[in-house]
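Peer 1: what would the 3D arrangement of this be:
(one chain, ligands or ions: 1)
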Amino acid sequence: MNKIYIANDHTAIEMKNAIKNHLEKKGYEVIDLGNNDGNSCNYANIGITLAEAVVTDENNKGIALCGTGIGISIAANKVKGARAGLVYEVQTAELTRQHNNANILATGARLIAVDKALLLVDTFLNTEFEGGRHQERVGTLDEYNK
Ligand code: RB5
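Peer 2: Numbers count the residues shown, from 1 in each chain. Below you'll find the model as predicted:
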């Protein structure tokens, strides 16, 4: 794995810091793209910035956090080559890697506990894409957003 980029809006600083510490303890290189000042900010800019960083290398992964994870995942998915999966459960964190080859995990700091987020992140990073019948479908996603 290459780099893990992480980005958040003002609602998710505590969750972001917990994930970052958790991953750094495990030896991952984590690049924090903010927000860190806690001032109300625009999740759309943050999601796009994160996705643009992630798509520079196919081995990169991203973690996108806002209040619900919805806005930041919509923003990230505007970037060609970004596949952000919005998940709140371990099963979907696993499936979005296996079936969608998601390169960004999005979740909501106002909706799930920090411990749960750590579990989602571990699952996401430790699950491989299955390829096979999913390859063509993911290819269609990557080709379309022109
Ligand atoms: C911020 O209030 C909130 O709208 C944002 O964090 C996110 O939930 C948007 O989808």
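Peer 1: please make it C-alpha for all contacts and neighbour counts, starting now.
Peer 2: Noted.
Peer 1: check the offset of the worst-scoring helix or strand of the chain on mean pLDDT from the chain's centre.
Peer 2: Least confident helix or strand, the chain: helix 133-144 with a mean of 95, by mean pLDDT, DSSP states H and E. Centroid separation between helix 133-144 and its chain, computed with CA atoms, centre = their mean, to the nearest Å, is 19 Å.
Peer 1: which residue ranges form the strands in the protein?
Peer 2: In the chain, the strands defined using DSSP state E lie at 4-8, 30-32, 61-66, 84-86, 104-108.
Peer 1: and of those, who's closest to Ile74?
Peer 2: strand 84-86 (8.0 Å; CA to CA).
Peer 1: the closest one packs against which elements?
Peer 2: helix 70-76, strand 104-108 (3 or more CA pairs under 8 Å, 6 or more residues apart in numbering; DSSP states H and E).
Peer 1: the ligand: which of the ones you listed is closest?
Peer 2: With CA to the nearest ligand atom, the closest approach to the ligand among those belongs to helix 70-76: 3.3 Å.
Peer 1: grab the CA positions of stretch 16-35 and hand them over as PDB.
Peer 2: Only the C-alpha atoms of stretch 16-35 are listed here, as PDB (Å, rounded to 0.1, in the frame of the first residue of the first chain):
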ATOM      1  CA  LYS A  16     -10.000  12.000  12.300                       C
ATOM      2  CA  ASN A  17      -7.400  12.300  15.000                       C
ATOM      3  CA  ALA A  18      -8.400   9.000  16.500                       C
ATOM      4  CA  ILE A  19      -8.100   7.300  13.100                       C
ATOM      5  CA  LYS A  20      -4.800   8.900  12.400                       C
ATOM      6  CA  ASN A  21      -3.300   7.800  15.700                       C
ATOM      7  CA  HIS A  22      -4.600   4.400  15.300                       C
ATOM      8  CA  LEU A  23      -3.100   4.000  11.800                       C
ATOM      9  CA  GLU A  24       0.200   5.600  12.700                       C
ATOM     10  CA  LYS A  25       0.600   3.100  15.600                       C
ATOM     11  CA  LYS A  26       0.100   0.300  13.000                       C
ATOM     12  CA  GLY A  27       2.900   1.800  10.900                       C
ATOM     13  CA  TYR A  28       0.800   3.400   8.100                       C
ATOM     14  CA  GLU A  29       1.900   6.700   6.500                       C
ATOM     15  CA  VAL A  30      -1.100   9.000   7.000                       C
ATOM     16  CA  ILE A  31      -1.300  12.400   5.300                       C
ATOM     17  CA  ASP A  32      -3.700  14.700   7.000                       C
ATOM     18  CA  LEU A  33      -5.400  17.200   4.600                       C
ATOM     19  CA  GLY A  34      -7.300  18.900   7.400                       C
ATOM     20  CA  ASN A  35      -9.600  20.600   8.500                       C
END
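Peer 1: perfect, I'm done here.
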